[in-house]
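> Pasting the sequence and the predicted coordinates here, then a few questions.
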Amino acid sequence: MIWLTWRQFRTQTLLAAALLAAAAVYLLITGTQLRHSYNADLLSCHAPNAQYTCMGLLNGLQTQYNGPLNLIELLVMGTPALVGIFWGAPLIAGELERGTHYMAWNQSVTRGRWLAVKLCAIGLASIVTAGLVSLLMTWWASPLDTMSGNRFGTQAFNARNIAPLGYAAFAFVLGVALGLLIRRTLPAMAATLAVFIAVQFLVTVAVRPNVMPSTTTTVPINQTTMSQAARFDRSPQDTGPVAIDLPTPAGAWNLGETPALNSAGRPIQTSEVLTCWSQLLSKGPVVVKGGPPAGFGSLGACLAPLNLHVNISYLPANRYWPLQWIETALYTVLAALLAAFCFRRVRRVS
């Protein structure tokens, strides 16, 4: 049975191996170049008074590799979906569509054993493929991840470390289950893609931010905190709210911020900050990224007597690995439930 599985699956295996080899060569070459540039830029940071030069170099490095980073992340995130579409969906649907299941399931090998060998062998290949792609991606992007400090972003989280292994296991068994239900290959492939994307969206948006308790902190608005602000938005209407993006602890996942609040916890109105805002604009253009850290500092100093603050909800950086394990376990459990359904359903196929 194992030999037969290899014979039927060897074309896909060899194609996947060739694509993995090509990806590994590209990522190893460009990853080495990225590390060389990153280390060279870090050396310039040790020179006296090189703070702003260092920031400019590192920002330039991020900009240079931002295109390849996004493309590779999307390819890694797409690997589990491709596994489900091309390896999972045709596994049983193809047999049923061609009618070869009559011969395959009426030999000395029982349906249960046939399915067990297929799920274990091809499922393991799916997990190994996703794991190797994720390993290469994690290694390649580590300098950029160190600079950005954002490991909780959707693309960064879904394309790194162990999470893609759970995605691949789930996508493969999902394809098998839908193929068993639909009994036609192309519709099963389309349904696999649609359901997998829906589950990924649901888990990313609704489950991941709420699976672990968040931390809420109150950040006062003053010269120190405003010098690190990334954004200051006032409403066009005088009665509208004021939104400020203040920094969270290093490496944390910002789940949300309130508008600027007064000491009573009430959102302030735009009219209350217009005087300070006009004073800031009178001193020239505001520079936040790539420039002096003053940014909105003078605006913060002007607003400090108003005793304003922002409440920030976030997950600390040390929640990253627990989230990776929890999400991987969740998808693994879903895959196990779908596999149990397949074993139950395959006995009834005629």
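Everything's here; your move.
> which regions of this protein lie under the pLDDT threshold?
For the chain, applying pLDDT under 70 flags the ranges 1-8, 43-58, 101-106, 108, 282-295, 350.
> Helices of that one, start to end?
With helices called from DSSP state H, the chain shows them at 2-45, 51-83, 89-98, 101-104, 111-148, 154-158, 163-182, 185-202, 223-226, 274-281, 297-303, 320-346.
> of all those, which lies closest to A252?
When the helices of the chain are compared by CB to CB, helix 320-346 sits nearest A252, at 9.6 Å. All C-beta spots, glycine's among them, are computed from the backbone N, C-alpha and C.
> Just give the number of residues close to the spatially closest residue to Q279 that is not a sequence neighbour.
Closest residue to Q279 in three dimensions, ignoring its sequence neighbours and counting by CB to CB, 6 or more residues apart in numbering: C302, at 5.9 Å. Around C302 sit 20 other residues, with neighbours defined as other CB atoms under 10 Å.
> now R345
Close neighbours of R345, defined as other CB under 10 Å, add up to 14.
> same check, this time on P322
Here the neighbour count serves as a burial measure; for P322 (other CB under 10 Å) it reads 12.
> Ramachandran angles for the spatially closest residue to it that is not a sequence neighbour?
Nearest-residue entry for P322: M212, 6.5 Å, with adjacent residues in sequence omitted and distances by CB to CB, 6+ apart. Note on M212: backbone dihedrals following degrees, to the nearest 10 are phi -130, psi 150.
> Could you do the one 10 residues further on as well?
When quoted as degrees, to the nearest 10, the phi and psi of N222 stand at phi -150, psi -170.
> Report the contact partners of it.
Going by CB atoms under 8 Å, 6 or more residues apart in numbering, N222 touches G300, A301, L303, A304.
> same deal with A335?
When contacts are counted by CB under 8 Å, 6+ apart, A335 is found next to G123, G166, A169, F170, F172, V173, L174.
> Mind giving me the ChimeraX select for the residues you listed, buried ones only?
Those of the contacts of A335 that count as buried under 16 or more other CB atoms under 10 Å are selected in ChimeraX with:
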select :123,166,169,170,172,173,174
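> Could you dump the contacts of A335 into TSV and include distance to I268?
Compiled in TSV, those are given as follows (distance: CB to CB, whole Å):
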residue	distance to I268
G123	56
G166	44
A169	50
F170	46
F172	52
V173	52
L174	49
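> which of the contacts of N222 are buried?
So, of those, G300, A301, L303, A304 end up buried under the neighbour-count rule (16+ other CB under 10 Å).
> May I ask which two of those are separated the most?
Across the buried ones among the contacts of N222, the two members that end up farthest from each other (CB to CB) are A301 and L303, 7.5 Å apart.
> and for these two, which residues touch both?
The contact lists of A301 and L303 share N222, M226, where a contact means CB under 8 Å, 6+ apart.
> domain assignment for this protein?
According to automatic domain parsing, the chain comprises the domains 22-39+51-65, 78-213+318-350, 222-307.
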